[in-house]
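Novice: This is the structure alone, sequence omitted:
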């Protein structure tokens, strides 16, 4: 398969296939006649695995480690369980950060609802932002 064929079969983009190839996650052969990359069934399986893992929040580094562990003959399942716990904690922390940001944004919208638009002559960029106190809302 060529890049576009592999991408189509895995429901992704050719750019993703090329990127994953550059990272060494996919290992195509070279067609001796024209030098094009030729992807096989192993590449398709690895690509589908990588896409599913990414969809679950695993990093490309995680994907590489899991593939390497599997190829060494070991089962990566214990590592998968440990990694997903770590990624889940990271996502939950990020959600908390985003909730805080959302609260500050709602407070700013409310605080600025009736504030006049004005051009500042003292060099400040925007009085709305300068006047906002996230602690008070």
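Specialist: Okay, I see it. Just so we're clear, the structure is a prediction, and the values are computed from it rather than from any experiment. Numbering: from 1, shown residues only.
Novice: Walking through the protein, point out its helices one by one.
Specialist: For the chain, helices defined by DSSP state H occupy the ranges 3-10, 14-22, 41-55, 60-71, 77-112, 127-131.
Novice: residues of the third one that come out buried?
Specialist: Translated: helix 41-55. Neighbour counts over helix 41-55 (16 or more other C-beta atoms under 10 Å) mark 43-44, 46-47, 49-50, 53-54 as buried. C-beta here means a position set from N, CA and C on the backbone, and glycine is covered the same way.
Novice: Count the neighbours of residue 62 for me.
Specialist: Other residues within reach of residue 62, judged by other C-beta atoms under 10 Å, total 21.
Novice: Enumerate every residue touching it.
Specialist: Counting by C-beta atoms under 8 Å, 6 or more residues apart in numbering, residue 62 makes contact with 53, 83, 87.
Novice: again, only this time at 7 Å
Specialist: Shown in contact with residue 62 (C-beta atoms under 7 Å, 6 or more residues apart in numbering): 53, 83.
Novice: Need the per-residue pLDDT for it.
Specialist: Note on residue 62: pLDDT of 95.
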